[in-house]
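[1] Take this sequence and fold it.
(chains A and B)
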Amino acid sequence: MSDATAKEILYRIRRFEPTRDRAPRWQAFTIPRVPGMTVLDGLWTIKQTQDASLAWRSSCRMGICGSCGMLINGRARLACNTQVSEIDAAVIVVAPLPNFDIIRDLVPDLSPMFDAHAALMPYLIRDDAREQERPTGEFSQSPQELERYLQFSYCIKCGCCMAACPTYATDPVYSGPMPLAQAQRYNADGRDGGFLRRRAVLGGERGPWRCHFAGECSRVCPKGVDPAKAIQLMKRDLVWDYIRLRKEQCPAAVMSKPKAGTRRPDIPEPPPRTV
Amino acid sequence: MLRVQGFPNRLGVRGWVGGGRWGMERYLYTLHRLTGLGLLAYFLLHIVVTASRALGEGAWARAMDTVSGGVFKVGEYLVFAAFAFHAANGIRLVLVELGFGVGRPIEPVYPYKTSLDAQRSLAIGALAAGAALAILGAVELLVLR
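    All right, here's what the predicted structure looks like:
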């Protein structure tokens, strides 16, 4: 742990101003140490008191929006979710997420990740488009069916897993942990019928076969999404499909309202429908 | 969509080895690749050596003479040790990549348990099997022979 009794703390930040710098450079800042401060708090202090030109992305400050992913002392993390006191070093070293081009200072260009995400069709694919646009009821789903994908749906697209993946570090064609985990999130959803369409992408070089379980994506994920697990389960589905042992998934039907039965008098009427 | 030309920041091969803050499976990943490349180099050398037979008995005898030295004996053992690790870890990877041992999806509750924790015993077992094989090989190649 860093020295909690120190009154000041040293930040080393990787800077890059595209109109001025030919390559990134390091800059040091010393700021007052405040109990309970996060790495993001320190960046704000630097911006407010020493260098207003320092750039990064952040929004919610509570690990929800996924904007402030950075390389903090060698590990991809959310700056808002990382206490200065939990870093095992005297100096806080902050750099932009690797494996993405640097737009400026701590701002990475995440567009390749979002392009790969979009290519894997991260939405429910069904034949009944009209039902999806104008729903007449809910799609049936049991708690057990929900559990098959719920973990993967917590992803906030911060890019930490992509920055930590050693395969993505050498292979820009590989989709990477986030898009693949999200593809599995929909493949495992009982309401979805898009496995065969996603398979066209997943079976190729952008698919999960370049993952060899270094596991770093799951280790750095700030939300416990476990992309490595999603990718291995996806591989199993693809293998089962290849040898024709995969059970075909019929998208869940719309639940019909119970036709019989009487309402208990102590249960109030539901609120008016909003959709 | 607005596209900007940023400064390239892809780690490349440094991404395999860099950091020093990684977990066990990351090192197994790197070692698996390195041993794989080592075995490939051995196979290429093996082809070159055995191909010398086509050049006549003299060339074959000279090649055998060259590769029977002490350095090559240790090298041969290192190839075997690399094979032992690569085979044992490869079996682990086949199992894990078919979804065995990684656990079922669970609702993430902090502190998070991941598939890495679920398959850790498999990884330790693979390492132990590889080490046992490497020790047996050492006895055979370096002591008994």
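
[2] Mind listing what's buried along whichever strand or helix holds B:Leu40?
    Assigned by DSSP states H and E, B:Leu40 belongs to helix B:24-51. Of the residues in helix B:24-51, those with enough neighbours to count as buried (16 or more other CB atoms under 10 Å in any protein chain shown) are B:25-26, B:28-33, B:35, B:38, B:42. From N, CA and C alone the C-beta is placed, and that goes for glycine too.

[3] quick check: domain ranges of chain A?
    Per the record's domain assignment (automatic domain parsing), chain A is made up of the domains A:8-108, A:111-242.

[4] that older thread, want to throw the buried residues of helix B:24-51 into CSV with distance to chain A and pLDDT?
    Converted to CSV, those look like this (distance: CB to the nearest CB, whole Å; pLDDT from 0 to 100):
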residue, distance to chain A, pLDDT
B:Glu25, 4, 93
B:Arg26, 5, 91
B:Leu28, 8, 93
B:Tyr29, 4, 93
B:Thr30, 7, 92
B:Leu31, 11, 94
B:His32, 7, 96
B:Arg33, 8, 94
B:Thr35, 13, 97
B:Gly38, 17, 96
B:Tyr42, 21, 94
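
[5] Out of the residues you listed, which comes closest to B:Met64?
    The closest of the buried residues of helix B:24-51 to B:Met64 turns out to be B:Tyr42 (CB to CB; 16.4 Å).

[6] check contacts around the closest residue to A:Trp209 other than its chain neighbours.
    Nearest residue to A:Trp209 in three dimensions, chain neighbours excluded: A:Lys235, at 7.1 Å (CB to CB, 6 or more residues apart in numbering or on different chains). A:Lys235 is in contact with A:208-209, A:211, B:97-99, counting by CB atoms under 8 Å, 6 or more residues apart in numbering or on different chains.

[7] Can you lay out the residues you listed as TSV showing pLDDT, neighbour count and distance to A:Gly74?
    Supplementary listing: the contacts of A:Lys235 in TSV, determined by pLDDT from 0 to 100; neighbours: other CB atoms under 10 Å in any protein chain shown; distance: CB to CB, whole Å:
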residue	pLDDT	neighbour count	distance to A:Gly74
A:Pro208	97	24	26
A:Trp209	95	16	28
A:Cys211	96	25	22
B:Glu97	94	19	27
B:Leu98	93	15	32
B:Gly99	93	20	31
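
[8] what residue ranges in the stretch 1-150 of chain A score low on pLDDT?
    In the predicted model, the stretch 1-150 of chain A carries pLDDT under 70 at residues A:1-4.

[9] which bits of it sit near chain B?
    Of all the residues in the stretch 1-150 of chain A, those in contact range of chain B (CB under 8 Å from any CB of the partner chain) are A:16, A:18, A:23-24, A:73-75, A:96, A:98-103, A:108-109, A:111, A:147-150.

[10] tell me the average confidence for the longest helix belonging to chain A?
    Criterion DSSP state H: the longest helix present in chain A is helix A:227-242. With pLDDT averaged residue by residue, helix A:227-242 scores 96.

[11] Sort out which residues of it are buried, please.
    A:227-238, A:241.

[12] what's the angle from the helix holding B:Leu40 to helix A:227-242?
    Between the axes of helix B:24-51 and helix A:227-242, defined by axes from the mean of the first three to the mean of the last three CA atoms, to 10 degrees, the angle is 50 degrees.

[13] just for chain B, where's the confidence low?
    In the prediction, chain B carries residues with pLDDT under 70 at positions B:1-3, B:18-21.

[14] Helices along that one, start to end?
    Along chain B, the segments classed as helices by DSSP H run B:14-17, B:24-51, B:57-67, B:70-97, B:115-118, B:120-138.

[15] closest one to A:Arg199 among those?
    helix B:70-97 (17.0 Å).

[16] so how far does stretch A:94-114 reach from one end to the other?
    Stretch A:94-114 has its terminal residues 23 Å apart, counting by CA to CA, to the nearest Å.

[17] For A:Trp26, grab phi and psi.
    phi -100, psi 140 (degrees, to the nearest 10).

[18] Repeat that for the one 4 residues further on.
    In this entry, A:Thr30 is assigned phi and psi values of phi -110, psi 130 (degrees, to the nearest 10).

[19] Show me what it bridges to in the sheet.
    Legend: beta-bridge partners of A:Thr30 under DSSP bridges are A:Leu10.

[20] can you tell me how far it sits from B:Ala87?
    For A:Thr30, the distance to B:Ala87 (CB to CB, to the nearest Å) stands at 53 Å.

[21] The two: who's more crowded?
    A direct count of neighbours by other CB atoms under 10 Å in any protein chain shown for A:Thr30 and B:Ala87 places B:Ala87 higher, at 15 against 11.

[22] B:Ala134 is in contact with that one, correct?
    No: because the distance of 10.5 Å does not satisfy CB atoms under 8 Å, B:Ala87 is recorded as not touching B:Ala134.

[23] Now list whatever residues contact both of those two.
    Overlap between the neighbourhoods of B:Ala87 and B:Ala134 is empty, taking contacts as CB under 8 Å, 6+ apart.

[24] Buried by neighbour count, from the residues of the stretch 1-150 of chain A next to chain B: which ones?
    A:16, A:24, A:73, A:75, A:96, A:98-103, A:108-109, A:111, A:148-150.

[25] which ones among those residues are found in helices?
    A:111, A:148-150.

[26] returning to what we had before: and the longest helix of chain A with helix B:70-97, angle?
    Comparing the axes of helix A:227-242 and helix B:70-97 via the same axes, to 10 degrees yields an angle of 80 degrees.

[27] Show me how far helix A:227-242 is from its chain's centre.
    19 Å (CA atoms, centre = their mean, to the nearest Å).

[28] Kindly report the same for stretch A:188-202.
    In terms of CA atoms, centre = their mean, the gap separating the centre of stretch A:188-202 from the centre of its chain is 20 Å.

[29] distance between the ends of that stretch?
    With CA to CA as the measure, the first residue of stretch A:188-202 is 14 Å from its last.

[30] what comes up buried for that stretch?
    A:188-195, A:198-199, A:201-202.

[31] what sits up against it?
    Applying CB under 8 Å, 6+ apart, the external contacts of stretch A:188-202 come out as A:119-121, A:124-127, A:139-142, A:145, A:148-149, A:152, A:175, A:180, A:183, A:186-187, A:207-208, A:233-234, A:237-238, A:241, A:249-252, B:105.

[32] Among those, which are located in strands?
    Restricting the contacts of stretch A:188-202 to those inside strands, with DSSP state E as the criterion, leaves an empty set.
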